[in-house]
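1. Need coordinates for the below:
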Amino acid sequence: MKVIALFGSLIAVPLLVTEASDWLPSLARWLTRRAARALPPEFHERYIEEWSGELDALPGGKLTQLAFALRVCTHAPSTGCVLRGTPARLGMKNVLDPLLASVFLLLAAPAMLVIALAIRLTSHGPAIYRDRRLGRDGQEFTFLKFRTMRSVLMTAAPEPIRADNTSGPSAPPGHELRMTKVGHLLRQSALDELPQLFNVLIGSMSLVGPRPHRASATARDDTNARRRMLVKPGLTGLCQISGRSTLSTDETTQLDIGYVEAWSLALDLRILASTAPAILRSIALQRPPSQWHSKR
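-> Below you'll find the predicted structure:
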C-alpha cells in the first residue's frame with residue numbers, strides 16, 4: 001500500500017504547479033478504493049463510503065483531495081491490522097470492562113458520595129459535569145466527571161483540558177481562578193474522573209484506551225483522530241501513566257496511536273496496575289496552589 005502511495009506521489013509531482021487536469025479527483029477515488037483492500041472485506045463498503053464523503057467535503061482544490069487519498073493509503077495497513085483483530089482481540093475486553101467497572105463502582109461508591117456532597121456544600125451547581133465527546137467511530141456520547149469549577153463561570157466556557165485531553169491539575173493560566181478548593185484536590189488525585197465508570201458500564205467508554213476528544217477540537221480530515229477512534233476511549237491509558245499534563249500534543253497523539261495498534265489484554269492490565277502509582281507520583285510533584293479562593 002505504501003508503494004501505491006509513493007506511486008501516487010510521483011504522478012502528482014508534475015502537477016504541483018497546476019490543477020488543470022480533470023482526472024485528479026478520479027485518481028483520488030481510485031486510491032481510496034485501493035486502500036480499502038487493506039481492510040477486512042466486511043469493512044470495504046463502509047470505509048469507501050466514508051472516505052468518499054470526506055473527499056467531497058474537503059475544502060480546497062484537486063490536489064487537496066489527492067493528498068488526502070495518499071494519507072489514507074499510507075495508514076490503511078495499520079488500520080486494517082486493528083480492524084482485522086477487533087472481533088477476537090476485543091471480545092474479552094468488551095466483557096471485562098463492564099464487570100470490572102461494576103466492581104470499581106461498588107468499591108468507590110462511598111468515596112463518590114462524599115465527593116458529591118463536598119462539591120454541593122462548597123460551591124453552587126451540580127456535582128456532575130457533563131460534556132459531549134467523541135467515542136469509537138466518531139460517535140458522540142455524554143462524558144461524565146465531577147465538577148471542579150464554579151458553575152457560573154462554566155456557563156461561559158467549558159472545563160479546561162490538559163495536554164493528555166483530561167481536566168487539570170495543570171490547567172492553563174487563568175483557570176485556577178475558576179477552580180474550587182475541592183476541585184483542585186480532585187484534579188490532583190484524578191478522582192474527578194470516577195463518574196466515567198458509569199460511561200464504561202453503559203459501553204460508551206472502556207477502562208483503558210485513548211482519552212475522548214471534543215468534536216470541536218477534532219478536525220474532520222485528521223487521520224490520527226480517526227485512528228484513535230478505532231477503539232473506545234478510556235478512563236485511563238498510556239498518557240495517564242506516562243506523564244499526564246507534562247506531555248506535548250504530539251507525544252499524546254503518538255501514545256494513543258501506539259496503544260491502538262499494539263493493544264493486548266496484557267497491555268491493558270499493565271496500564272491499570274500502573275495508573276494508581278502514576279497518580280501518586282503526580283501528586284507528589286504538584287506544588288500547592290498560589291492562593292485559595294473561598295468566594296463562591
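2. I'd like the distance between the residue nearest to residue 233 when sequence neighbours are not counted and residue 138.
-> Once flanking residues are discounted, residue 233 sits nearest to residue 212: 3.6 Å by CB to CB, 6 or more residues apart in numbering. To be clear about C-beta, it is placed using only N, CA and C from the backbone, and glycine gets the same treatment. Residue 212 sits 11 Å away from residue 138, going by CB to CB, to the nearest Å.
3. cool, and residue 128?
-> With distances defined as CB to CB, the gap from residue 128 to residue 138 amounts to 24 Å.
4. Which positions within the lengthiest helix in the chain qualify as buried?
-> Counting by DSSP state H, the longest helix found in the chain is helix 91-122. By neighbour count, with 16 or more other CB atoms under 10 Å as the criterion, the buried positions of helix 91-122 are 93, 97, 98, 100, 101, 104, 105, 112, 115, 116, 118, 119.
5. which is the next helix or strand following that helix?
-> Towards the C-terminus, the helix or strand next in line after helix 91-122, according to DSSP states H and E, is strand 128-134.
6. ok, now which ones touch residue 279?
-> For residue 279, the contacting residues are 189, 190, 240, by CB atoms under 8 Å, 6 or more residues apart in numbering.
7. so of these, which ones are in helices?
-> Secondary-structure check on these using DSSP H: residues within helices are 189, 240.
8. give me phi/psi at the residue nearest to residue 233?
-> Summarising the backbone geometry of residue 212 under the convention degrees, to the nearest 10, its torsions are phi -70, psi 140.
9. Same question for residue 207.
-> In terms of degrees, to the nearest 10, the main-chain angles of residue 207 are phi -60, psi -40.
10. How many residues are close by the nearest residue to residue 104 once chain neighbours are set aside?
-> Spatial nearest neighbour of residue 104, chain neighbours left out: residue 197 (5.5 Å); criterion: CB to CB, 6+ apart. Using other CB atoms under 10 Å, residue 197 is surrounded by 24 other residues.
11. Show me what counts as buried in the helix or strand containing residue 197.
-> Residue 197 belongs to helix 196-202 when assigned by DSSP H and E. Buried residues in helix 196-202, defined by neighbour count with 16+ other CB under 10 Å: 196, 197, 198, 199, 200, 201.
12. Can you find the helix or strand in this structure with the smallest mean pLDDT?
-> Here the helix or strand of the chain ranked lowest by mean pLDDT, DSSP states H and E is helix 2-12, holding a mean of 54.
13. May I have the next helix or strand after that helix exported as PDB, CA atoms only?
-> Once helix 2-12 ends, the next helix or strand along the chain (criterion: DSSP H and E) is helix 24-36. Backbone C-alpha positions of helix 24-36 (Å, rounded to 0.1, in the frame of the first residue of the first chain) are rendered in PDB as follows:
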ATOM      1  CA  LEU A  24      -7.100  14.100 -10.300                       C
ATOM      2  CA  PRO A  25     -10.400  13.600  -8.400                       C
ATOM      3  CA  SER A  26     -10.800  10.200 -10.200                       C
ATOM      4  CA  LEU A  27      -7.300   9.200  -9.200                       C
ATOM      5  CA  ALA A  28      -8.000  10.200  -5.600                       C
ATOM      6  CA  ARG A  29     -11.100   8.000  -5.500                       C
ATOM      7  CA  TRP A  30      -9.200   5.100  -7.100                       C
ATOM      8  CA  LEU A  31      -6.500   5.400  -4.400                       C
ATOM      9  CA  THR A  32      -9.100   5.300  -1.600                       C
ATOM     10  CA  ARG A  33     -10.800   2.200  -3.200                       C
ATOM     11  CA  ARG A  34      -7.400   0.500  -3.400                       C
ATOM     12  CA  ALA A  35      -6.700   1.500   0.200                       C
ATOM     13  CA  ALA A  36      -9.900  -0.200   1.300                       C
END
